[in-house]
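A.B. asks: turn this into a model:
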Amino acid sequence: GAALPIMMLTLDFHNREALYERINLRVDAMVKSGLVDEVRELYLAGMLPPESTASQAIGYKEMLSYIKGERSLHEACEEIKLASRRYAKRQLTWFRHKDSVRLYADNEDGRRRSPEELVREALEHINEFLER
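C.D. replies: Predicted structure coming up:
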């Protein structure tokens, strides 16, 4: 049978620095919300063996090296931020090569768009897609 048509909506930023700042703030919030304790508890319970996928996940990998005394907490946090920014960049590059509708979280002047505005735009694209 024929492939079903799909539509991907992606959220992007005109101002890449705004995206990176949001990533940095999110990492800081994760650490404040208990990331270190979460990783420590999993590690001590034997649930993060070196060969596991989880032990290589962004955030866990860097915190494990902190817990093992291989780097400072500050260094681990900076590494999480860097790895997250690189991952976001790879995702955006992948999406750009796909047939997707890009919604921008900010205007070209860098001002942030409201969630309501983004939802309205997304719904317009969805309605167009459904009417095909």
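
A.B. asks: quick one: low-confidence parts of this protein?
C.D. replies: Counting by pLDDT under 70, the chain contains low-confidence ranges at 1-2.

A.B. asks: just the strands in it please.
C.D. replies: According to DSSP state E, the chain carries its strands in the segments 8-12, 100-104.

A.B. asks: would TSV of those strands with mean neighbour count and distance to L64 be doable?
C.D. replies: Where C-beta positions appear, they are placed from N, C-alpha and C, glycine not excepted. Below are those laid out as TSV (neighbours: other CB atoms under 10 Å; distance: least, CB to CB, whole Å):
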stretch	mean neighbour count	distance to L64
strand 8-12	14	30
strand 100-104	15	34
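
A.B. asks: of all the ones you listed, which one is nearest E70?
C.D. replies: E70 sits nearest to strand 8-12 of all the strands of the chain, at 34.7 Å, using CB to CB.

A.B. asks: tilt between that closest one and strand 100-104?
C.D. replies: Inter-element angle recorded for strand 8-12 and strand 100-104: 30 degrees (by axes from the mean of the first three to the mean of the last three CA atoms, to 10 degrees).

A.B. asks: direction included, what does strand 8-12 pair up with?
C.D. replies: Neighbouring strands of strand 8-12 in its sheet, by DSSP bridges, are strand 100-104 (parallel).

A.B. asks: okay, which residue is most central for the chain?
C.D. replies: In the chain, the C-alpha nearest the mean C-alpha coordinate belongs to A88, at 5.7 Å (CA atoms, centre = their mean).

A.B. asks: I'd guessed it sits against A18; true?
C.D. replies: No - counting by CB atoms under 8 Å, A88 sits too far from A18 to count as a contact (11.7 Å).

A.B. asks: so how far is the longest helix along the chain off the chain centroid?
C.D. replies: Secondary structure of the chain per DSSP state H: the longest helix is helix 73-96. Distance of helix 73-96 from the chain centroid (CA atoms, centre = their mean, to the nearest Å) equals 8 Å.

A.B. asks: could you do stretch 90-104 as well?
C.D. replies: How far stretch 90-104 lies from its chain's middle: 14 Å, per CA atoms, centre = their mean.

A.B. asks: much appreciated, bye for now.
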